[in-house]
Every structure is written in structure tokens, then in C-alpha cells.
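1. Pasted the sequence and its predicted model underneath.
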Amino acid sequence: MSHLFIGLISGTSADGIDAALVEFPGANATEGLRLHAARVHAWAPALRERLVALGQGGEPASLDELGRLDVQVAQAFATAALALLEDAGVASARVAAIGSHGQTARHRPHGDAPFTMQLGDGSVIAERTGIATVADFRRRDVAAGGQGAPLVPAFHAALLHAPHEDRAVLNLGGIGNYTLLPRTGQVRGFDTGPANALLDAWCLRHTGAAYDADGAFAASGTVDDALLARLLGEPWFAQPPPKSTGREQFHLDWVQAGLRGGESPADVQATLLELSAATLADALRAHQPGTARVLACGGGVRNGPLMRRIAARLPGVAVESTAAHGLDPDFVEAMAFAWLAREALAGRPGNLPAVTGARGPRVLGVVHPA
């Protein structure tokens, strides 16, 4: 079997499809691992707008629309994979498999019929690329009583654990999540709440920009302490792990419910940034207070004000990018789904029950042959 795998993911913010071509030549994840090529493939604007609306709790117009979206997302993912191979000068026949996360349309891991739904039909990706595709990673964990998220901690643990210090890997995507890597003991992980999702949505509404470049919009405002206190009162933040969330929980209507009227848009942006920093810091102090180092990845790493506020709320903790440890912070999650595809083909579990709450280890993903 080839040692080359492609990982594809579009996260909560739906700001693009991250594609990574990864080589795993060794018996484990770390031995000889190499990121051959990576790129971000832009969504068609109209499709992205519809996906964001769905992710924030909007309803599809019909079952027909949902079916079309499933295929359209898969076509976009396939195009991203083929463009990545063209960039790298690698033939599709050399790739063992694609690991495709898809685009989350709804995530409801609680209730009498828990489910999670990621759009992007793996059969379409396999047909378009000629490469075996592993997709639909989250549903088996949910079926086993888990949250179906986060799934990246096993990959984090393989690459970034250190026997000399307690570490945490922080993913600053639309939603923030931690992987806790103690020197000894069990790996844990959980979502913390909004990282970039609310910042991006509020910025788009008030400036027309898809994201707040380097936190400039937030930096132009002042934190509204009363609004921050109201937002921090959200009961979800106090729930113990395992837990996961998404745009269906944290969206602009949720923000609007906390406003009293007359707030400056820039002040709200500054407050949302502080909300992200506060909830991330509070969660780490609550669940691994001895952490010496936080290794951050995801789009939020490029938001200087956000990174500085997280560090300010974690005195004595080194807060740094995964780049300092040889992992491109923009593509850690895409690399992880390449790894999850590798584990699925080998028949090895991809989840950590201590992270997701599943009844036990499970092989994740559905294989769609080439």
C-alpha cells in the first residue's frame, strides 16, 4: 500500500477546504511523517453562504436541496484533492486513500436519537478522483454513545506528547477545542465554545469581510464587561467534558440575545474576542491546571490579538504555534484526517473514548473504493 494519503476538511467557519498530502512511511504516525503539499481551496460564494446558514441552524428548503448540497460539497472536495495533486506533481494512482471530513450541516449528539451530519458524499469523491475515499468519520462514534468530536486528539497525542511536561494542543477553528496531553495519564479532549465562528460572523455582518484580519476590527473596540458577563453565563460553558458544539449552538442570534441595544459593532467584536480567550483559558485551568505549554493551531493562530489575550489569561503558560514543533498550524486538522483514513484502512480505531465518551474504541469512517 502507498504511504501517501490526502486529508480534506472544511471546519465550522466554512472558510475554505483545507487539503493536505501526507506521507506516513513508518509503522506509527510520527516515524518519517512528511507534509508533501497543502493548499486551501475556496468555496464558491453562494455555496458557502448556504452551508454557513445550515450550520447555524437554518433548515434546508427541501430534501432535494439537501441531496444536491451533499453532491455539490463532494464535488468541491474532489476538486480540492485534484488541485492539490496537480500542485504536488503527484499522480492519483500513488495515493492510498483520501480522508474526507466533509462539511458539518448539523451536530446533535444528545437526545433520544443522537446524530451528526457531514455533507460530502464519499462515493462522489472516489468517483471523481479515482482514489479510495474514507468519509463519514463521526457517526460511528455517535452510534457508540460518543460525541463524535473531537477526533483529532489521537493524532495530537501521537505527534506532540512530551514526557517532561503537561501540554495542551489548542485548535482555534470556528469552535475551539483542546487536546490535553499530561506527562503521564490519559489523553483527554473537548470543545470549549466559540473561537473564530462568532468573530467571523459578526465581522462579515458589519464590515463585509469574511474574517477579522489580525483582529484589527476587534482591536478598534473596547470590551463591554456587562455583555461579556452575560455571554459567559451560557450554561453550556459549565458542562463537564466530554462535550462538543458548533454553529447551531453559537451563532449571531445567540449573540443578539445578549445585546441590550446601542452597542458599538467594534465593541461587540472586542467582547467576542475576549469571550473566546476567557472560555479557552477557563477550560484549561479547570481541566489541566498544571499545563506548561499550549500548542495552538487553526486559523486563529494568525489573529494576534486573540493569541495575546489567551496568553494574558494564562500567566506562566507558554502559548505558541505548532509551527515551533514542525507542524504547519493551518493544516494540522487536514493531516489528522489523512491519518484517520490510514487507521481506517488498517482496521485500527480512530477515536479516544476518554475524549468522545464513546463506549469503546471504534474504527471510524466508511470506505468508498476507487
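-> Right, received. Where do you want to start? Note that this is a predicted model, so its numbers are computed, not measured. Residues are numbered from 1 along each chain as shown.
2. N196 versus the nearest residue to G246 once chain neighbours are set aside, what's the distance?
-> Leaving aside its chain neighbours, G246 sits nearest to H107 (4.6 Å; criterion: C-beta to C-beta, 6 or more residues apart in numbering). Bear in mind the C-beta positions are built from the backbone N, C-alpha and C, glycine included. Distance, H107 to N196, using C-beta to C-beta, to the nearest Å: 17 Å.
3. Equivalent analysis for L170, please.
-> For L170, the distance to N196 - C-beta to C-beta - is 12 Å.
4. Spit out the residues that contact the two alike.
-> G298 (C-beta atoms under 8 Å, 6 or more residues apart in numbering).
5. Surely the residue nearest to G246 is in contact with D191?
-> No - with contact defined as C-beta atoms under 8 Å, H107 and D191 do not form a contacting pair (9.9 Å).
6. Name the residues contacting each of these two.
-> A149, S244, T245.
7. Check for me that the last one belongs to a helix.
-> It stands for T245. No - using DSSP: H, G, I helix; E, B strand; the rest coil, the assignment for T245 is coil, not a helix.
8. Hmm, it is touching I175, no?
-> Yes - with contacts counted by C-beta under 8 Å, T245 reaches I175, the gap being 6.0 Å.
9. any common contacting residues for those two?
-> D191, G193.
10. Give me the more crowded residue out of those two.
-> I175 (29 against 24; other C-beta atoms under 10 Å).
11. which residues sit in contact with that one?
-> Contacts of I175 by C-beta under 8 Å, 6+ apart are G11, T12, D191, T192, G193, P194, A195, A197, S244, T245, G246, F250.
12. try 7 Å
-> When contacts are counted by C-beta atoms under 7 Å, 6 or more residues apart in numbering, I175 touches T12, D191, G193, P194, A195, A197, T245, G246.
13. So which of the residues you listed belong to strands?
-> Residues of these located in strands (DSSP state E): D191, G193, P194.
14. Could you dump those residues into TSV and include distance to V294, pLDDT and neighbour count?
-> As requested, the ones in strands among the contacts of I175 are exported to TSV (distance: C-beta to C-beta, whole Å; pLDDT from 0 to 100; neighbours: other C-beta atoms under 10 Å):
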residue	distance to V294	pLDDT	neighbour count
D191	16	96	27
G193	16	97	25
P194	18	97	30
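15. Switch those over to a markdown table; also include distance to R48.
-> A markdown table is the format used below for those (distance: C-beta to C-beta, whole Å):
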| residue | distance to R48 |
| --- | --- |
| D191 | 22 |
| G193 | 23 |
| P194 | 19 |
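16. Can you tell me which of those is nearest Q288?
-> D191 (15.2 Å; C-beta to C-beta).
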